[in-house]
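1. sequence and computational prediction follow.
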Amino acid sequence: MKKSTYLSLIAVSLVNAGLMLTIPVVNASTPAVSMQQANLPQPYSAQAFTAAQQSGQPFLVAFHKKGCSMCVAQQNALDQILTEPQFKNVRILVVDYNNDTASLQQFKVGRQGTLILFKGSKEINRSDALTKAVAIEKQLQG
């Protein structure tokens, strides 16, 4: 892309389950990216978890609480990371910390802001309260 194309990008903020999600919007001269290609975080479900396991790619399960400023900061860092080529295949499933108590018990999570990295059915590592992109990148590198 041309340098001028980068300058023409604008950001639109969406509120999804109380979390800020920033998605770049492109002008007509820039090729559009489909939602599937954008690799955006998606709400956790058993079906999404199984699909992520079967993909063979690393994926994160993030536990975010509505109204949690740390969770918003963590999501912003994740959004930044997903734009980097080396993390283009990383899927993020977001558990609703306020309402999904079954998943909290299943994954033995007691704190919002927990990130669990999986590859297939194996848990690789987990962290609490990481809000800086560089720290989350280290976690993703296993």
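-> Received the coordinates, thanks.
2. scan the chain for its longest helix.
-> Counting by DSSP state H, the longest helix found in the chain is helix 69-81.
3. which neighbouring elements make contact with it?
-> For helix 69-81, the elements it packs on are strand 19-25, strand 58-64, helix 133-140, judged by 3 or more CB pairs under 8 Å, 6 or more residues apart in numbering; DSSP states H and E. Using the backbone N, CA and C atoms, a C-beta is placed for each residue, glycine as well.
4. not counting its own residues, what contacts the following helix or strand past it?
-> Using DSSP states H and E, the next helix or strand after helix 69-81 towards the C-terminus is strand 91-96. Contact partners of strand 91-96, identified using CB atoms under 8 Å, 6 or more residues apart in numbering, comprise 17, 19, 39-45, 48-49, 52, 55, 57, 59-64, 66, 75, 78, 82, 103-104, 107, 109.
5. one more time with 6 Å
-> With contacts defined as CB atoms under 6 Å, 6 or more residues apart in numbering, strand 91-96 is touched by 41, 43-44, 48, 52, 59-64, 78, 103.
6. which neighbours in the sheet does it have, and how are they oriented?
-> Strand 91-96 pairs in its sheet with strand 42-43 (parallel), strand 58-64 (parallel), by DSSP bridges.
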